[in-house]
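> Next come a sequence and a model predicted from it.
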Amino acid sequence: MDNNRDTTAEPLPQTGLPATEVHGTELPQTEPSEADLPESELSDAEAAVRIVPVAELHLHIEGTLQPELILELAARNGITLPYSGLEELRGLYEFTDLQSFLDLYYANMAVLQTERDFADMTRAYLARAAAAGVRHAEIMMDPQAHLTRGVSLETCVNGVASALATSQEDFGMSTLLIAAFLRDQSEESALEVLDGLLAMNAPIAAIGLDSAEVGNPPAKFERLFAKAREAGLRLTAHAGEEGPPSYIIEALDILEVERIDHGIRCMEDPDLVERLVADRIPLTVCPLSNVRLRAVDTLADHPLPAMLAAGLNVSVNSDDPAYFGGYVDDNFSQLKAVFDLSDFDRSRLAANSIHSSFASEERKAELLDELNRG
Ligand SMILES: Nc1ncnc2[nH]cnc12
Ligand SMILES: [Zn+2]
């Protein structure tokens, strides 16, 4: 990569919000990465997946639960699963749309029972993400999905948070936690859970909105987002994954979110694209997820190159990597194979991810410095 080229996007405007809870600010002390090696020392395969330091902004921790860990946790907790073993479980990972995935995603959560289970799942993600080049991760969790099956807020939040608290020492990654709310449940339920999180002083930096999109527009959660904003939390929401461009507009105008998760359907509305470009609204795009959930037919049909060409502030993320065939590095390498993604594009995507994060300005500067030295 040309180190002298300015690969950074325009900085985002300051929000004026208080500093968010971020674990870890030191750069990782690791062996030289592939990116530090001269080109000649890389095999063709390694060069094809050159690692760039990135921030992962769109990741559901429950979507990192690998089939092997599901079986291990089921055995540990004495849970009988409705399939015979790994092979049968793996055979279920064929999806026709978002709902068909959500059905399996929620069912598999049954194995998460104790703080240790949540911590083990989180550490497994951190280890794999660090190898993928992730230096800062903003991790969503779905508290309502655990409460409704009798697992307390303390168990799920403290389990994930305990692994995040040492993410810098253990994996060279700064991290923060996002409480995501299920849009197919009521706003009353969401408000109750937000109250519980605030009452326990949960270490959350932001809230998000996820689950079944169509029929559950952002406007349904106006009071929830207003309350979170008043509490000093940052705001993001899934919109325009399966839902129409008008959901993206609602998320911006009614929820006043700072970031849009997915957002790919903005491409159907040129006026919206113009607005997103002008305001540099971050879109956390998840290419392999969009293919597996049939939002696009194939990766070659993905709008990412058109989004980049339009000047949109896009980043590449893995969403639910255990379900969609890969982590951030897999997303980058498959994009490169299909679109011949250049070093410049990858660096721009990585710079966008860092600028769009909820990390402190100091941490962003460290990450950008590492990227530009790469
Ligand atoms: N891709 C996705 N869209 C909506 N909700 C989700 N929950 C986990 N993954 C999701
Ligand atoms: Zn998502």
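Looks like it arrived, so ask away. Fair warning: this is a prediction, and the values are worked out from it, not measured in the lab. Ligands and ions are numbered 1, 2, ... in the order given.
> any idea how far the residue in the stretch 201-350 of the chain positioned nearest to ligand 1 is from residue 242?
Closest contact between the stretch 201-350 of the chain and ligand 1, by Cβ to the nearest ligand atom, is at residue 210 (3.5 Å). Glycine gets a C-beta too; all of them are placed from N, C-alpha and C. According to Cβ to Cβ, to the nearest Å, residue 210 stands 12 Å off from residue 242.
> Which one of those two is surrounded by more residues?
A count of neighbours by other Cβ atoms under 10 Å puts residue 210 above the other of residue 210 and residue 242, at 26 against 20.
> What's opposite the residue in the stretch 1-150 of the chain positioned nearest to ligand 1 in the beta bridge?
Ligand 1 sits closest to residue 60 of the stretch 1-150 of the chain, with a gap of 4.1 Å, by Cβ to the nearest ligand atom. Taking DSSP bridges as the rule, residue 60 bridges to residue 140.
> Residue nearest the middle of this structure, spatially speaking?
Central residue of the chain (Cα atoms, centre = their mean): residue 58, 1.4 Å from the mean position.
> Please verify my assumption that it contacts residue 261.
Yes: judged on Cβ atoms under 8 Å, residue 58 makes contact with residue 261 at a distance of 5.1 Å.
> all helices of the stretch 201-350 of the chain, in order?
Counting by DSSP state H, counting those that start in this stretch, the stretch 201-350 of the chain has helices at residues 222-230, 245-253, 270-278, 287-292, 304-310, 321-324, 328-339, 343-355.
> now for the first one, which elements pack on it?
Identification of packing neighbours for helix 222-230 by 3 or more Cβ pairs under 8 Å, 6 or more residues apart in numbering; DSSP states H and E yields helix 187-199, strand 206-210, strand 234-239.
> Next: the fifth one.
Contact here means 3+ Cβ pairs under 8 Å, 6+ apart; on that basis helix 304-310 packs against strand 282-285, strand 313-316, helix 328-339, helix 343-355.
> The third one too?
With contacts defined as 3+ Cβ pairs under 8 Å, 6+ apart, the secondary structure elements packing on helix 270-278 are helix 245-253.
> How many residues are close by residue 270?
The criterion is other Cβ under 10 Å. On that basis, residue 270 has 11 neighbouring residues.
> tell me, what's touching residue 58 and residue 261 both at once?
With contacts taken as Cβ atoms under 8 Å, 6 or more residues apart in numbering, residue 58 and residue 261 have residue 284 as neighbours in common.
> which bits of the chain sit near ligand 1?
Residues of the chain lying close to ligand 1 by Cβ under 6 Å from any ligand atom are 60, 63, 98, 105, 210, 211, 238, 241, 289, 319, 320.
> Contacts only, for residue 263.
Contact analysis of residue 263 by Cβ under 8 Å, 6+ apart lists 239, 240, 241, 248, 276, 283, 284, 285.
> As CSV, these with pLDDT and neighbour count would be great.
Formatted as CSV, the contacts of residue 263 follow (pLDDT from 0 to 100; neighbours: other Cβ atoms under 10 Å):
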residue, pLDDT, neighbour count
239, 98, 31
240, 98, 27
241, 98, 24
248, 99, 29
276, 98, 25
283, 99, 26
284, 99, 27
285, 98, 29
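> Would you check which pair of the residues you listed lies furthest apart?
Spatial extent of the contacts of residue 263 (Cβ to Cβ) is set by the pair 241 and 276 at 15.2 Å.
> So which other helices or strands are in contact with the longest helix seen in the chain?
Looking across the chain with DSSP state H, the single longest helix is helix 115-131. Counting contacts by 3+ Cβ pairs under 8 Å, 6+ apart, helix 115-131 is packed against strand 54-60, helix 67-77, strand 134-141, helix 153-164, helix 167-171.
> Ok, which of these comes nearest residue 332?
Among these, the nearest to residue 332 by Cβ to Cβ is strand 54-60 (8.3 Å).
> Show the contacting residues for residue 254.
Counting by Cβ under 8 Å, 6+ apart, residue 254 makes contact with 218, 219, 222, 225.
> tell me the contacts of residue 341?
By Cβ under 8 Å, 6+ apart, residue 341 lies in contact with 332, 335.
> how about it, phi and psi?
Reported as degrees, to the nearest 10, the phi and psi values for residue 341 are phi -60, psi 120.
> what's the pLDDT at it?
At residue 341, the model reports a pLDDT of 84.
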